[in-house]
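Participant: got a structure for you, letters missing:
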């Protein structure tokens, strides 16, 4: 068996000669010659490769044609210096150093730095004298003064010597005194001349010179003239800086704005303004993005007074010119304003670099917003001042609110329009504002403008303490809440998806480790960052798409509905009845199906309290004031109408989703039965209520009269709310039929016919009422009590419908007689 040697092989002990060993042996490093060819850097010339004469180069026909055509342009190659081109860099540097010119020292007449002249003592710093004075403290001030005088005389001597030298004329300023104005010197020193500059002594003290220089009159006048010339130049410079901009000055062949409005002739003034306004509008509409200056110039014509840098005093403007400019700006902004809202740039966006096109678009957008804001401020100032331009300003604001509802300063326009409706009086401007708000409600697709208007009106009515015109609330009936609030956000889910994580981080990790499903898989930091960036991009894309989000719209509509019912409830719970009550009740009837059903009981209780309060006030008024005038009669009628509206509201609430509630409405039915005699005494029961608003936006539907409301309430009271609900009892139908026939004797033909037709329906629905149509004697239980307001206690079956026979025989209207006779004949035939 062979045993393998495990020892390592020793390394070769070969020591190559190093640089240190060579230096230790020879004392200096040895120079070894480079083997091989000599480097090109060391050669004096580098040969240029040339063509071998034996080789023949074949040229094509195209090359020959090119040489024949352009051969003269390359003839300079024959005259090139081949040696200069072939010379290496090292050789070129050697030749440059060889031929480098030698600079000669500059010859001047100045003395050498080591030379000594006769004025050496004059330029002494005085350090030796300072040391001497420090050693001998007995030196006096006179010695120092004498030394200063001697140095001064030496300086004057040197200056005179230099002045005599014609080659040193530039040094003459040393002998000239300082140029001072006469206004600087006191009166006592004007005749004494000008002092020379002070002298600084060796010890640091300053000594004034006793010598003075006297100026001639020509030099003094030169100083004054220089002063005047400087003042004139400053005035000219200030005048040059007063440059008018494009908003007020004369530009592009147009006269300045102040020149147009300051003409003496009013006709010429208006004509010139018309021409310039028309030209400005035409140019702005032709190129809006490059017409910011023209927009500002157009706005200048609408100012009450115009002042420019060259004309600081304000010049009043003509009202006709201002009105024309305001209306012209309205037409321009309707066409120029983009279809999106312009927001202010953030600091980050301002700092970042963008392309020239983007920057120009940003400048145009920000400039447009600033000019548009100035225009709206002018309109608001005219509206608040109630000037002669207030109507035109309100018209412009209403038009802008309808046409550019999406643009900036929408809330400011809404505030001005709502403020114009805060008066108790009503005029054509109120109609304009009401139409504007209705148009905004109808054209609103997002719900945001409607929410802002409802919020402003809610605050305005409460601040005015409900002392506004009732027509103000009529615009709220046009809100798009009834048709769009019930739109489902998802077609597959009834509820909104719950956003957020279902599990915490630790629990999700534990479930993920066990292989159980979790709401969101594990993401790394990089994946989370990518997801965050993707969500931001999706958000920006969603905003750019300008699509209406159904969930956001439903949220805004819900908020608007909440504010609306807060306003309506505050009107209902007001301690004193307000003229806004009918409008509030109509609003509650229209939007009641959108609120939660849990509020119905509270709402019915409020309506019952309001109805009872009106009845109590009416009774108290009868006791305290038996002789009532026409004003009191109108108050009674208004109270009766409010009670009737409360009854209708209660029935309307329980006719929709309120059918699920089992609520007894006997109190409302009894109140309706009690107010029938009072309604019978109303001569204008079929006349529509007085309507102050003459607007065409709300359509051709006329408002309901008192008779319409009454018969609507009667049909709701006697119509079963559902198929399972029981019909009205016979005594109730008989009592209402008796009172309706009694009221028909007093009513005009229209309400009388409707009353007879309703009685016919009741008789047809309940056969027991047929016995009341006969006038024959029959046995009865009790006596009919017409003075009792409770239909159950009035005992209606103790009487008959004798009023129907009177209507069929003696009523003056043929239609009433026909309807009454038809009912009697049908009962006789049955």
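Facilitator: Noted; the coordinates are in hand. Since this is a predicted model, take the numbers as computed values, not measurements.
Participant: Would you mind pulling up the elements that the lengthiest helix in the chain packs against?
Facilitator: Criterion DSSP state H: the longest helix present in the chain is helix 356-385. Other helices and strands packing on helix 356-385, by 3 or more CB pairs under 8 Å, 6 or more residues apart in numbering; DSSP states H and E, are helix 292-300, helix 319-336, helix 390-403, helix 410-420. The way it works is simple: take the backbone N, C-alpha and C, and place the C-beta from them, glycine included.
Participant: among the ones you listed, which is nearest residue 555?
Facilitator: Closest to residue 555 of these is helix 410-420 (CB to CB; 18.8 Å).
Participant: now the angle from the one helix or strand residue 429 maps to to helix 390-403?
Facilitator: Take DSSP states H and E as the rule and residue 429 turns out to sit in helix 428-443. Put simply, helix 428-443 runs at 10 degrees to helix 390-403, going by axes from the mean of the first three to the mean of the last three CA atoms, to 10 degrees.
Participant: need the contact list for the residue nearest to residue 763 when sequence neighbours are not counted.
Facilitator: Distances taken as CB to CB, 6 or more residues apart in numbering put residue 769 closest to residue 763, at 4.5 Å, once the chain neighbours are dropped. Counting by CB atoms under 8 Å, 6 or more residues apart in numbering, residue 769 touches 730, 733-734, 737, 762-763.
Participant: same thing with residue 391?
Facilitator: Contacts of residue 391 by CB under 8 Å, 6+ apart are residue 429.
Participant: Include pLDDT and distance to residue 584 when you put the contacts of residue 769 into a markdown table, please.
Facilitator: Formatted as a markdown table, those follow (pLDDT from 0 to 100; distance: CB to CB, whole Å):
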| residue | pLDDT | distance to residue 584 |
| --- | --- | --- |
| 730 | 87 | 36 |
| 733 | 89 | 32 |
| 734 | 89 | 35 |
| 737 | 90 | 32 |
| 762 | 89 | 32 |
| 763 | 88 | 37 |
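Participant: Quick check: which helices or strands does the helix holding residue 429 pack against?
Facilitator: For helix 428-443, the packing partners by 3+ CB pairs under 8 Å, 6+ apart are helix 390-403, helix 410-420, helix 448-463.
Participant: got a markdown table for these, with distance to residue 596 too?
Facilitator: Converted to a markdown table, the helices and strands packed on helix 428-443 look like this (distance: least, CB to CB, whole Å):
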| stretch | distance to residue 596 |
| --- | --- |
| helix 390-403 | 33 |
| helix 410-420 | 28 |
| helix 448-463 | 19 |
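Participant: Which residue ranges of this protein form strands?
Facilitator: Using DSSP state E, the strands found in the chain span residues 194-195, 199-200, 206-207, 212-213, 305-306, 315-316.
Participant: Minimum distance to residue 534: which of these has it?
Facilitator: Residue 534 lies closest to strand 305-306 among those, at 54.8 Å (CB to CB).
Participant: Who does the closest one pair with, and is each partner parallel or antiparallel?
Facilitator: Within its sheet, and counting by DSSP bridges, strand 305-306 is paired with strand 315-316 (antiparallel).
Participant: what does the partner strand contact?
Facilitator: For strand 315-316, the surrounding residues in contact (CB under 8 Å, 6+ apart) are 258, 261-262, 304-307.
Participant: Let's see that with 7 Å instead.
Facilitator: Strand 315-316 is touched from outside by 258, 261-262, 304-306, with contacts defined as CB atoms under 7 Å, 6 or more residues apart in numbering.
Participant: Of those residues, keep whichever come out buried.
Facilitator: Buried members of the contacts of strand 315-316, counted by 16 or more other CB atoms under 10 Å: 258, 261, 306.
Participant: my guess is the last one meets residue 258, correct?
Facilitator: Yep, that's residue 306 we're talking about. Yes. Residue 306 lies in contact with residue 258 (CB atoms under 7 Å); the separation is 5.4 Å.
Participant: hey, what's in contact with both of those two?
Facilitator: 248, 315.
Participant: quick one on the thing from earlier: okay, buried residues for the longest helix of the chain please.
Facilitator: Those would be 364-365, 367-369, 371-372, 375-376, 378-380, 382-383, for helix 356-385 by 16+ other CB under 10 Å.
Participant: So for it, mean pLDDT?
Facilitator: The average pLDDT within helix 356-385 is 92.
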